[in-house]
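dropping a prediction and its sequence here:
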Amino acid sequence: MMQRRAAAVTGVMLSACAPQVAYAVREREIVRLDSVRRAPAVLAGGADPAALRMRFELPPGARQGPERWYLVRLRYRLWFERDSGPGFAWVTSDTNDRTAAQIEYTTARRGGRLSVRRTTVDLVHGERELRTHSGRDALTFTNHLPYAGVRAGTNTWTIRLEQTGRTRVRRLEVLGDSAIVQTRRTPFPLALTAALDGTRPHVGERFEIEVRLAAAPRRTIRDVAVRAHAQHRGVELLAPARRRVGDLTGRSRTVRFAFLARQPGAHAITLMARSDANDPNAGVQVEVLPAARATTAPATTWALVSLPALAMAGWLAVARRRRER
Amino acid sequence: MRTLGARAAIALLVAAAVCAPVAYAATARSGNLRILYVREDAFHNYDFLSQSVASDNVDWAVALVFWNNASISRVKTSAIGPLYDQTGSRMNGRLRDTTSSGYVWDEDSGRKTTLCPGAPLQSRDARHYRIYADGDDRLYNLDWGYWVYGTTHWDIDECSLSNPAWFGHSENAEEWLVSDWIDRTGWSASNDWSWFSNSEPFRVEGDHIWDSDGYASALRVE
């Protein structure tokens, strides 16, 4: 489960950066619903979830990003029963048991009228909300599949209808052009990478974090700004925390943040970008070494320790010379 | 019998009425409070008494991630719903969704196993969880799918007129929730799945009894 565990979380910041490749913005349908079953496919609400299960094939080496991206496109019509009461209904789509579409309906009755709130969130449109008193709905929903929802060979695709409480869905019609789609259009057009510039600093030394921002080919990313934040007092930001970069097209841009190393140890620094597209982040772990004078201490120590030995050697040499006389 | 039932009900109501929401701030261990990132989503690793980010304004350490097909409603109406069927006082989570333009606060009163622990005819204890997401009640990223996060703890003698109230032992409450999740939903869960940088060794701070190992559990929603 959650195979990307080590990489995914934990204060260790992840950039959602994708290597940049030239591409044409076009889509290709991998599988359409009406190519594998009769359309529209109909599901009815009930105590148990109702589901459509299909399979599709992907070529060897297929995976989600960074060059080819897979999306689900879900088109449907839905009708509630006239006497539907308060509760919830969900239309979901999974590939390989990983959910990429979750449309949530919250129903209630106000003054005897059905009240419906529909919410969605996806990487294409962000959050969307609809409030209506209508007992029917129609939606086209598109979203990028999770990484684990894409694999080479045979993939499963499940579309499900569920309801709880007193919500009653009479009918869900999934339209024939619902599909799994391949595109070269990345969900992360702005990429951010960050690294320590130079060697590990000692306490009291100044060091810099180099941040590289790049826009996907043929994309203009506007209003780009980047911010640095030290999660611990062991390092102190010397320059303004926020830098405005402006618009990015094609070429990458580099921004540097200067810090002062204050305490030895490993310190996390977070770099966050804002833009009119996506807002990537990255983390850099900087290991601060003890103060530079500490590293010269051994030389001094050796000198002090060797003084008696030198004195002894000198005394022996003098004594020997006297004996030889 | 009816009189006894009525008296008990009144006693419970009175106890519930005097049982004001507890609002003692606790202090996160030095250096613990931080923002965690997964892809472009971000969240603070504690929840807060009020909508102010400060290490001396925290309630509990984040220890739960519901993932894959989660939303606030899907978790609360899942098969653990009948067990965690009461609500508590509101706390605050701060987060940022990949698709949103900035950080937002979310309030949640959560779900607990007893309405007013320690009140007449009520159990002395309750297990209590709170979960957070933004305006559409879930976040989405390519690693965790649809997800929400939360905290959990015990409420002991919260409404008792004779015993002092105390709250905490989050690690134990987390283990119970994971166990309840697997037993009741039939979905998978992984106890202490990932390091969330919020370890709180056992200690008593006012009515807060800290005990949290810093690892959050992952509970899959299907």
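Perfect, thanks for sending it. Numbering: from 1, shown residues only, chains lettered A, B, ... in the order given.

so where's the chain uncertain?
Using chain A here. Along chain A, segments meeting pLDDT under 70 span A:1-25, A:293-325.

my bad, the chain I had in mind was chain B
B:1-24.

swap in 80 and give it another go.
B:1-25, B:30, B:99-101 (pLDDT under 80).

how much space between A:Tyr147 and chain B?
5 Å (Cβ to the nearest Cβ, to the nearest Å). (C-beta placed from N, C-alpha, C; glycine too.)

got phi/psi on that residue?
phi -50, psi -40 (degrees, to the nearest 10).

check contacts around the residue lying closest to it once chain neighbours are set aside.
Ranked by Cβ to Cβ, 6 or more residues apart in numbering or on different chains and with sequence neighbours excluded, the top spatial neighbour of A:Tyr147 is A:Gln64, at 4.7 Å. For A:Gln64, the contacting residues are A:Tyr70, A:His144, A:Leu145, A:Pro146, A:Tyr147, A:Gly149, A:Val150, B:Leu142, by Cβ atoms under 8 Å, 6 or more residues apart in numbering or on different chains.

helices along chain A, start to end?
A:5-8, A:33-36, A:292-324 (DSSP state H).

same deal with chain B?
According to DSSP H, the helices that chain B contains are B:2-18, B:72-76, B:170-185.

next, count neighbours for the residue in the stretch 201-325 of chain A positioned nearest to chain B.
In the stretch 201-325 of chain A, the residue that lies nearest chain B is A:Gln231 (4.9 Å; Cβ to the nearest Cβ). Per other Cβ atoms under 10 Å in any protein chain shown, the neighbour tally for A:Gln231 reads 18.

that one and A:Ala266 touch, don't they?
No - with contact defined as Cβ atoms under 8 Å, A:Gln231 does not reach A:Ala266; the gap is 10.9 Å.

beta partners for A:Arg136?
Residues in a beta bridge with A:Arg136, per DSSP bridges, are A:Trp79.

an error on my part: the question was meant for B:Asp106.
B:Gly93.

what do you get for A:Glu236?
With DSSP bridges as the rule, A:Glu236 is bridged to A:Leu260.

test my guess that it contacts A:Ala230.
Yes - contact between A:Glu236 and A:Ala230 holds when scored by Cβ under 8 Å: they sit 6.9 Å apart.

comparing those two, which residue is more hemmed in?
Neighbour count, other Cβ under 10 Å: between A:Glu236 and A:Ala230, A:Ala230 has more, with 19 against 13.

contacting residues for the more buried one?
Applying Cβ under 8 Å, 6+ apart, the residues near A:Ala230 are A:Glu236, A:Leu237, A:Phe259, A:His267, A:Ala268, A:Ile269, A:Thr270.

tell me how many other residues crowd residue 93.
With no chain named, the answer covers chain A. 25.

let's do chain B instead
26.

report the separation between the residue in the stretch 101-250 of chain A that chain B sits nearest to and A:Ser178.
Relative to chain B, the nearest point of the stretch 101-250 of chain A is A:Gly126 (3.6 Å; Cβ to the nearest Cβ). From A:Gly126 across to A:Ser178, the span is 21 Å (Cβ to Cβ, to the nearest Å).

of those two, who's got more company?
Taking other Cβ under 10 Å, A:Gly126 and A:Ser178 do not tie; A:Ser178 has more neighbours (27 against 15).

contacting residues for that one?
By Cβ under 8 Å, 6+ apart, A:Ser178 lies in contact with A:Arg32, A:Leu33, A:Val72, A:Arg73, A:Leu74, A:Arg75, A:Tyr76, A:Ile159.

let's see it at 10 Å
A:31-34, A:39-41, A:52, A:54, A:72-76, A:93, A:101, A:140-141, A:157, A:159 (Cβ atoms under 10 Å, 6 or more residues apart in numbering or on different chains).

how long is stretch A:192-203 end to end?
For stretch A:192-203, the first-to-last residue distance is 28 Å (Cα to Cα, to the nearest Å).

the longest strand in chain B is where?
The residue-count maximum for a strand in chain B (DSSP state E) belongs to strand B:145-156.

output that strand as PDB, nothing but the C-alphas.
These are the backbone C-alpha positions of strand B:145-156, laid out as PDB (Å, rounded to 0.1, in the frame of the first residue of the first chain):
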ATOM      1  CA  GLY B 145      -5.800  10.200  -4.300                       C
ATOM      2  CA  TYR B 146      -8.700  11.800  -2.400                       C
ATOM      3  CA  TRP B 147      -7.600  12.300   1.200                       C
ATOM      4  CA  VAL B 148      -8.300  13.900   4.500                       C
ATOM      5  CA  TYR B 149      -6.200  14.000   7.700                       C
ATOM      6  CA  GLY B 150      -6.900  14.200  11.400                       C
ATOM      7  CA  THR B 151      -6.100  13.800  15.100                       C
ATOM      8  CA  THR B 152      -7.500  11.400  17.700                       C
ATOM      9  CA  HIS B 153      -7.400  11.100  21.500                       C
ATOM     10  CA  TRP B 154      -9.400   9.900  24.500                       C
ATOM     11  CA  ASP B 155     -11.900  12.100  26.500                       C
ATOM     12  CA  ILE B 156     -12.100  10.900  30.100                       C
END
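
so is it next to chain A?
Yes - contact of strand B:145-156 with chain A (Cβ under 10 Å from any Cβ of the partner chain) involves B:Gly145, B:Tyr146, B:Trp147.

I'd like to know which of the contacts of A:Ser178 are part of strands.
Reading strands off the contacts of A:Ser178 with DSSP E, I get A:31-32, A:41, A:52, A:54, A:72-76, A:93, A:101, A:140-141, A:157, A:159.

tell me how far the nearest residue to B:Glu222 once chain neighbours are set aside lies from B:Ser170.
Spatially, and ignoring its direct neighbours in sequence, B:Glu222 is nearest to B:Trp187 (5.3 Å; Cβ to Cβ, 6+ apart). Distance of B:Trp187 to B:Ser170, given as Cβ to Cβ: 22 Å.

now do the shared contacts for A:Glu236 and A:Ala230.
With Cβ under 10 Å, 6+ apart, A:Glu236 and A:Ala230 have common neighbours A:Phe259, A:Arg262.

surely A:Asp94 touches A:Thr156?
Yes - contact status for A:Asp94 versus A:Thr156: in contact at 7.7 Å, counting by Cβ atoms under 10 Å.

what touches both of those two?
A:Arg53, A:Gly149.

of the two, who's got more company?
More neighbours surround A:Asp94 than the other of A:Asp94 and A:Thr156, with 25 against 15 (other Cβ under 10 Å).

may I have the beta-bridge partners of the more buried one?
Here A:Asp94, judged by DSSP bridges, has bridge partners A:Thr99, A:Thr158.

list the contacts for it?
A:51, A:53, A:72, A:100-102, A:145-146, A:149, A:156-160, B:68-69, B:145, B:222.

swap in B:Ala126?
With Cβ under 10 Å, 6+ apart, B:Ala126 has these contacts: B:84, B:86, B:88, B:111-118, B:153-156, B:158-159, B:167, B:173.

what about it, distance to chain A?
Relative to chain A, and taking Cβ to the nearest Cβ, B:Ala126 is found at 23 Å.

can you get me a residue count around A:Gly53?
In this structure residue A:53 is Arg, not Gly. 11.

from A:Gln182, how far off is it?
A:Arg53 is 21 Å from A:Gln182, by Cβ to Cβ.

quick one: which of the ones in strands among the contacts of A:Ser178 is nearest B:Ile131?
A:Ala101 (21.2 Å; Cβ to Cβ).

burial of B:Arg29, as a residue count?
17.

is it true that it touches B:Asp211?
No - shown here, B:Arg29 and B:Asp211 do not form a contact pair, counting by Cβ under 10 Å, at 12.0 Å.

any shared contact partners between these two?
B:Ala61, B:Glu200, B:Pro201, B:Arg203.

ok, and the most crowded of these?
B:Ala61 (31 neighbours).
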